[in-house]
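> I would like to see how this sequence folds:
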Amino acid sequence: FPLSYLGLMKAQPGEDRAVQPRLVAAFPELIFLPVGDALETFARLLSSVTTAVEVIGGFAVISGTLVLAGAMIAGRRQREADAMVMKVLGATRGNVVRAYLIEYGLLGLLAALLATGLGLAGTWAFVEFVLEIDFWVDPWLMAAVIIGTIALTVVVGTASTWSALSVRPARFLRDE
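Next up, the predicted model:
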């Protein structure tokens with residue numbers, strides 16, 4: 001059987017094509033396989049897959065946030081009633097705002113943690129079992145998504161109940 005050896009050659013960028021003919025002249029049985037080109041192609045493909053997963057994840061976060069905002073806006077009438085009861089019982093506008101900020105902050109935190117957990121589990125399964133590569137998490141990105149979700153929930157929730165703070169309790173209760 002013919003004996004075969006495998007070796008790796010690394011040349012200065014652009015010099016590999018010049019080295020190859022000299023080595024083939026000295027050793028005619030050499031075969032060159034451009035591994036670097038294959039690795040670059042694989043890296044581009046993996047980058048495209050990563051970008052696609054990030055875009056899909058972004059759409060999932062945006063759609064989840066819109067669903068949460070829709071649910072909060074749908075409960076606007078109840079929030080107005082709650083604000084009126086708090087005002088009748090002596091709460092100031094600042095007290096009502098603080099209560100809603102805490103409520104929306106906790107709601108955003110719960111939504112962010114639940115979405116992060118489900119997103120990480122789904123991504124882990126896809127990466128480990130479909131792509132068969134190592135899974136890793138960017139903690140800064142996760143923190144940014146969680147903080148962004150909480151902030152967006154607080155802003156949308158406060159905006160949806162802001163009109164409740166300007167309505168006079170007597171007028172609101174008469175209309176009820």
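
> List the buried residues in the helix or strand that contains Ile62.
In this assignment (DSSP states H and E), Ile62 forms part of helix 35-74. The neighbour-count check on helix 35-74 (16 or more other Cβ atoms under 10 Å) flags 57, 61, 64-65, 68-69, 72 as buried. The C-beta positions use only the backbone N, C-alpha and C, and glycine is treated the same way.

> Same question for stretch 100-119.
100, 103-104, 107-108, 111-112, 115-116, 119.

> I'd like to know which elements the helix holding Ile62 is packed against.
Here helix 35-74 touches helix 93-125, helix 139-166, going by 3 or more Cβ pairs under 8 Å, 6 or more residues apart in numbering; DSSP states H and E.

> As TSV, those with mean pLDDT and distance to Leu45 would be great.
Output for the helices and strands packed on helix 35-74, formatted as TSV (pLDDT from 0 to 100; distance: least, Cβ to Cβ, whole Å):
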stretch	mean pLDDT	distance to Leu45
helix 93-125	85	18
helix 139-166	82	22
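
> Which among those helices is found nearest to Ser4?
helix 93-125 (40.0 Å; Cβ to Cβ).

> what angle separates the closest one from helix 35-74?
Going by axes from the mean of the first three to the mean of the last three Cα atoms, to 10 degrees, helix 93-125 is angled at 150 degrees with respect to helix 35-74.

> quick one: helix 93-125 to helix 139-166, angle?
Going by the same axes, to 10 degrees, helix 93-125 makes 150 degrees with helix 139-166.

> Remind me what helix 93-125 packs against, helices and strands.
helix 35-74, helix 76-88, helix 139-166.

> Mind doing that once more with 6 Å?
Here helix 93-125 touches helix 139-166, going by 3 or more Cβ pairs under 6 Å, 6 or more residues apart in numbering; DSSP states H and E.

> Next, the angle from the helix it packs on to helix 76-88.
70 degrees.

> Helix 139-166: which residues count as buried?
145-146, 149-150, 152-154, 156-157, 160-161, 164-165.

> before we move on, back to that, any chance of the helices and strands packed on helix 35-74 in JSON lines, with distance to Tyr5 too?
Supplementary listing: these in JSON lines, determined by distance: least, Cβ to Cβ, whole Å:
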{"stretch": "helix 93-125", "distance to Tyr5": "40"}
{"stretch": "helix 139-166", "distance to Tyr5": "44"}
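
> so how many other residues sit close to the nearest residue to Met86 once chain neighbours are set aside?
Spatial nearest neighbour of Met86, chain neighbours left out: Val96 (5.2 Å); criterion: Cβ to Cβ, 6 or more residues apart in numbering. Counted with other Cβ atoms under 10 Å, the neighbours of Val96 add up to 19.

> pretty sure Val96 is in contact with Asp82, am I right?
No: using Cβ atoms under 6 Å as the test, Val96 is too far from Asp82 to be in contact (8.6 Å).

> Cheers, nothing more for now.
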